[in-house]
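Asker: The following comprises the amino acid sequence and a computationally predicted model.
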Amino acid sequence: MKHSQPRILIAGRNGQVSQALQQQLGDLAQLHVLGSDQLNLAHPEAIRGQVQQLKPDLIINAAAHTAVDQAESEPELAFAINAQAPGIFAEEAAKLGIPLIHYSTDYVFDGSKATPYTEDDKPDPLGVYGRSKLAGEQAIAAVGGQHLILRTSWVYSRHGRNFLLTMQRLLQEKPELRIVADQIGAPTWAGTIAHSTRALIERWQAGQAGAWGVYHLTAQGETSWFGFAQAIGEQLKAQGLPCAELLPIASSDYPTPARRPLNSRLDCSRLQRDWQVSQPHWQQALIDCLK
C-alpha cells in the first residue's frame, strides 16, 4: 500500500450500488467518488485523465447504463458506458498495477437453463443491455490485469429507481397489481453487494485474495417478481399500511422493448470457495434493508 489509508476511486455517485459502497467503505479508505458531472464515461480520455490524476490504490466501477428497455433504442450509448469504459478502467488499473472491481449482470445469460448459472456457463444475452455488459466483461478480461467482475441480479435499495420503491408506492395506490410470475431470480439488496465488496477488499488488503476473475454475487434463495412483490406487501401490511391484491401473470402478458431472461438464478458458491465471502438469504436482506 502506498498510503496508510488506501485511495479508492468509485465511478458513479448516485446509483444504488455506489450509494451503498459510500456508506460501507467510508472508514476503510479515502473515497474519491466521481459522478457523471465529473466523469463522462462516454469519453475515454476523461476516464484516463481522472485515473492518472488520482493514482488510486483500487478502482471500483459502480457506474453503468442500466435502463434495460432504453438501451434497445440507444445501443451506442449503452456500449460506450457498459463496454468501452470498463475496458479503459482496466487498462489504466493495469498501468498502475492496481485491482479493478466491476459489477455485471445476470442479463449476460439468456435464461433458458433449468438450473442456476455458474461462471463457466456460456453467456448468450437477449438484448442490447446484456450484450453491452458482456462486452464490458470481455474488455476487462482482455486487459488481463487484477480484476473482479461481480455478476449480480435484481438490485434494489432505498435509493433511486427500483422494484422495491416502485412496489411500495403502487401497492398503496392501487386496488390490484399484475406482476410477472415466470421470471425467477434472487432479489439482491445493494447493501449486500457493498458489504460483500468490503469483505473482498479486506481479504485483498490482508494478502488473502482469492483468484481474480468473474464471480457471481447475489442474495441466497430464489423467487419470482410476483414472490418479491408479495414479500414487500407483507412488510407493508405488518405496518398497518394498505396493500393491493396481487395477481400473477406471464412475461408474455407484459411485453417490454427488451426481453428478460426467465431464469436469472446465479450460483454463488465459487465466491464462497475462493474468497470466503457469502451472502444472506434474500428475505433476510429485505428485512435488513427496510429497517
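Answerer: Perfect, thanks for sending it.
Asker: contacts and neighbour counts: CA atoms only from here.
Answerer: OK.
Asker: in the lowest-mean-pLDDT helix or strand in the chain, what counts as buried?
Answerer: Scoring the helices and strands of the chain by mean pLDDT, DSSP states H and E places helix 68-71 at the bottom, with a mean of 94. Of the residues in helix 68-71, 68-69, 71 count as buried by neighbour count, 16 or more other Cα atoms under 10 Å.
Asker: Ok, stretch 199-211 next?
Answerer: Neighbour-count burial for stretch 199-211 [16+ other Cα under 10 Å]: 199-201, 203.
Asker: What distance separates the opening and closing residues of stretch 272-283?
Answerer: End-to-end distance for stretch 272-283, by Cα to Cα, to the nearest Å: 20 Å.
Asker: buried stuff in that stretch?
Answerer: Using 16+ other Cα under 10 Å as the test for burial, stretch 272-283 gives 275, 277-279, 281-283.
Asker: Could you list which of those residues belong to strands?
Answerer: Judged by DSSP state E, strands contain none of the buried residues of stretch 272-283.
Asker: nearest to residue 184, of those?
Answerer: Comparing those against residue 184 with Cα to Cα places residue 282 closest, at 12.7 Å.
Asker: Adding distance to residue 160, write the buried residues of helix 68-71 out as TSV.
Answerer: TSV is the format used below for those (distance: Cα to Cα, whole Å):
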residue	distance to residue 160
68	15
69	17
71	18
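Asker: what about the helices in the stretch 151-291 of the chain?
Answerer: For the stretch 151-291 of the chain, the helices defined by DSSP state H, counting those that start in this stretch cover 163-173, 190-205, 225-238, 269-275, 282-290.
Asker: Could you dump those helices into JSON lines and include mean pLDDT and distance to residue 44?
Answerer: Output for the helices of the stretch 151-291 of the chain, formatted as JSON lines (pLDDT from 0 to 100; distance: least, Cα to Cα, whole Å):
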{"stretch": "helix 163-173", "mean pLDDT": "97", "distance to residue 44": "32"}
{"stretch": "helix 190-205", "mean pLDDT": "97", "distance to residue 44": "26"}
{"stretch": "helix 225-238", "mean pLDDT": "97", "distance to residue 44": "37"}
{"stretch": "helix 269-275", "mean pLDDT": "98", "distance to residue 44": "31"}
{"stretch": "helix 282-290", "mean pLDDT": "97", "distance to residue 44": "36"}
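Asker: so which of those comes closest to residue 103?
Answerer: Taking Cα to Cα, helix 190-205 is the member of those nearest to residue 103, at 9.4 Å.
Asker: Who are the packing partners of that closest one?
Answerer: Contact partners of helix 190-205 among helices and strands, from 3 or more Cα pairs under 8 Å, 6 or more residues apart in numbering; DSSP states H and E: helix 16-25.
Asker: Poorly predicted segments of the chain, please.
Answerer: Applying pLDDT under 70 to the chain flags the ranges 1-3.
Asker: and the end-to-end length of stretch 249-263?
Answerer: End-to-end span of stretch 249-263 (Cα to Cα): 16 Å.
Asker: Which residues does it contact?
Answerer: Residues external to stretch 249-263 that are found in contact with it (Cα atoms under 8 Å, 6 or more residues apart in numbering): 68-70, 72, 107, 109-116, 126-128, 178-185.
Asker: Of these, keep whichever come out buried.
Answerer: 68-69, 107, 109-111, 116, 126-128, 178-185.
Asker: Show me the residues you listed that map onto strands.
Answerer: Among these, the residues falling in strands (DSSP E) are 178-180, 184-185.
Asker: Residue 51: which of the residues you listed is nearest?
Answerer: Closest approach between those and residue 51, by Cα to Cα: residue 185, at 35.3 Å.
Asker: contacting residues for the closest one?
Answerer: Contacts of residue 185 by Cα under 8 Å, 6+ apart are 153-154, 222-224, 263-266.
Asker: Next, give me the two most distant ones among those residues.
Answerer: Within these, 224 and 266 form the most distant pair, 13.9 Å apart (Cα to Cα).
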